[in-house]
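# Sequence first, predicted model second:
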Amino acid sequence: MTDWSGYLNLILQGAMVTVQLTVMGAALALVMAFVAGLGRLSRFVAIRCLATAYIEFFRGTSGFVQLFFAYFVLPLAGVTLTPLQAGVLVLGLNVGAYGAEVVRGAIRSIGREQYEACTALNLGRWQGMRHVILPQALLIMLPTFGNNAIELLKATSVVSLISLADLTFQAQVVRSQTGSTLMPFATILLIYFILALIIAWGVRTLERRLARGLDGVRV
Amino acid sequence: MDWDWNFVQEIMPTLIQGVKITILATVLGSILAAIVGLAIALARRSPHRLVSRSVGWFAEFIRGTPLLVQLYFIFYVLPDIGILLPPLVAGVIGLGLHYGTYTAEVYRAGIDNVPRGQWEAAKACNLGGRHTWTHIILPQAIPPMIPALANYFIAMFKETPLLSAITVLELMNQAKIVANSSYRYMEPMTLVGAFFLIISLCSVVLLRWLEHRYGKIER
């Protein structure tokens, strides 16, 4: 019988890398989602075009292909990235493109009367966005953001293919060292699922907190 | 490193071979996902709590874990219990099962959207369970879901590069083989990215048309 504790330790190390990637990727995705989402609603045609090009490009090409491109082709252009940097960059930009559409959709779904109220209160464009529109739109975005975060978590498994030692990579290591297949893969499936449940729970909690005091707002 | 058109011409036949497999995997995976999704959606409506609950949890689990790991599971673990699948078959099963859990939600929403009166009318016409489904409910439920289903099939198409990890010789794998043997990454990876981008942009047009044609729910 193989001693699993050493291998389990290896898998837990992989879990740390996966969590790290997910958190950093999500942070970048969140920033990009707001930048590109607000960019698509901009008054200026140039900014709108730029944001649309970014979104269509990253949604249109496969995330896996983007990762390989970033890791293998960008060095030829003089930009050398470590696997972790490439992973965070690609995951963040990719999921950010999906998130941008969520931001745009949520802001567009806020009724016209809210904008009129902003004008009536003599709020500027930015002030109105910051104090009136976004607090309401945020609540609409949250559930979809939660789903996107889970998609991001799942997408992190791909970085194992550019030799970053995440959960999936470590499972492959355990498989090649022990010859056992069920134990490593069943373990990491379970860990991924638990991480996904934690994200779902976190988003639900956040949603409840943000909804507090907003009676009558459609969630 | 410069772009070399002669090299592009040289590798084109190999990449086109890969494109064929990519498309084949997408089509077969879509068919399987459509069937699996319907089966899951129907099983979740089952009056037996045990069936509906366990299928619900199973679908939740599949949706919360990465496709790549599921592919590894099918490809590496199943042979241990005597089920040896060729890579393409394993890949199609993985894609079909994973996206089946997504399409199940589409079916669920579509079926829930059929007005209650239709169920009652079926009962009034003395139709049995099977006939109610095949003649009354599904013909009304399926057309409005076509755009949403197509959306998932396009998403699946963008995930097919993952099959390269289980040695399916699809586009990404052919590109990697070409890149590794010639030490030129720029052309193959860019071409793969361009291929996905072109197909995605075309599919946006197709989706718009599908939405126009089927998207409206008539009441």
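It's in. Residues are numbered from 1 along each chain as shown, chains lettered A, B, ... in the order given.
# Quick one: mean pLDDT over the longest helix seen in chain B.
Longest helix in chain B by number of residues (criterion: DSSP state H): helix B:5-44. Helix B:5-44 carries an average pLDDT of 93.
# any low-confidence regions in chain B?
Applying pLDDT under 70 to chain B flags residues B:1, B:215-219.
# can you list the residues of it near chain A?
Neighbours of chain A within chain B, by CB under 8 Å from any CB of the partner chain: B:1, B:61, B:64-70, B:72-73, B:76-77, B:80, B:158-162, B:165, B:172, B:176, B:179, B:185-186, B:189-190, B:192-193, B:196-197, B:200-201, B:204. From N, CA and C alone the C-beta is placed, and that goes for glycine too.
# hmm, try it at 7 Å
Taking CB under 7 Å from any CB of the partner chain as the criterion, chain B approaches chain A at residues B:1, B:61, B:64-69, B:72-73, B:76-77, B:80, B:158, B:161-162, B:165, B:172, B:185-186, B:189-190, B:192-193, B:196-197, B:200-201.
# ok so, going back, now for the longest helix of chain B, which elements pack on it?
helix B:49-64, helix B:87-112, helix B:138-159, helix B:171-182, helix B:186-214 (3 or more CB pairs under 7 Å, 6 or more residues apart in numbering or on different chains; DSSP states H and E).
# what comes up buried for the second one?
Within helix B:87-112, the residues that qualify as buried by neighbour count (16 or more other CB atoms under 10 Å in any protein chain shown) are B:87-88, B:90-108, B:110-111.
# cool, and the longest one?
Residues of helix B:186-214 classed as buried by neighbour count (16+ other CB under 10 Å): B:186-193, B:195-197, B:199-200, B:203, B:207, B:210-211, B:214.
# next one: the third one
Within helix B:138-159, the residues that count as buried by 16+ other CB under 10 Å are B:138, B:140-154, B:156-159.
# Then the first one?
For helix B:49-64, the buried set under the neighbour-count rule, 16+ other CB under 10 Å, comprises B:55, B:59, B:61, B:62, B:63, B:64.
# Any figure for the gap between the third one and residue B:69?
Residue B:61 sits 12 Å away from residue B:69, taking CB to CB, to the nearest Å as the criterion.
# got the contact list for stretch A:92-102?
A:25, A:28-30, A:32-33, A:36-37, A:40, A:51, A:54-55, A:58-59, A:63, A:66, A:141, A:144-145, A:148, A:151-152 (CB atoms under 7 Å, 6 or more residues apart in numbering or on different chains).
# for chain A, what are the low-confidence residue spans?
For chain A (pLDDT under 70), the answer is A:1-2, A:214-219.
# Does residue B:36 touch residue B:96 like I think?
Yes. Between residue B:36 and residue B:96 there is a contact at 5.5 Å, judged by CB atoms under 7 Å.
# any idea where the strands of chain A begin and end?
In chain A, no strands are defined using DSSP state E.
# How about the residues of chain A by chain B?
Applying CB under 7 Å from any CB, one finds that chain A approaches chain B through A:57, A:60-62, A:64-65, A:68-69, A:72-73, A:76, A:150, A:154, A:157-158, A:161, A:168, A:175, A:181-182, A:185, A:188-189, A:192-193, A:196-197.
# Now list the buried members of those.
Buried members of the residues of chain A next to chain B, scored by 16+ other CB under 10 Å, are A:57, A:60-62, A:64-65, A:68-69, A:72-73, A:150, A:154, A:157-158, A:161, A:168, A:175, A:181, A:185, A:188-189, A:192-193, A:196.
# Point out the ones among these that are inside helices.
Among those, the residues falling in helices (DSSP H) are A:57, A:60, A:64-65, A:68, A:150, A:154, A:168, A:175, A:185, A:188-189, A:192-193, A:196.
# And the helices in chain A, which stretches?
A:4-40, A:45-60, A:63-68, A:83-108, A:112-120, A:125-128, A:134-155, A:167-178, A:182-211.
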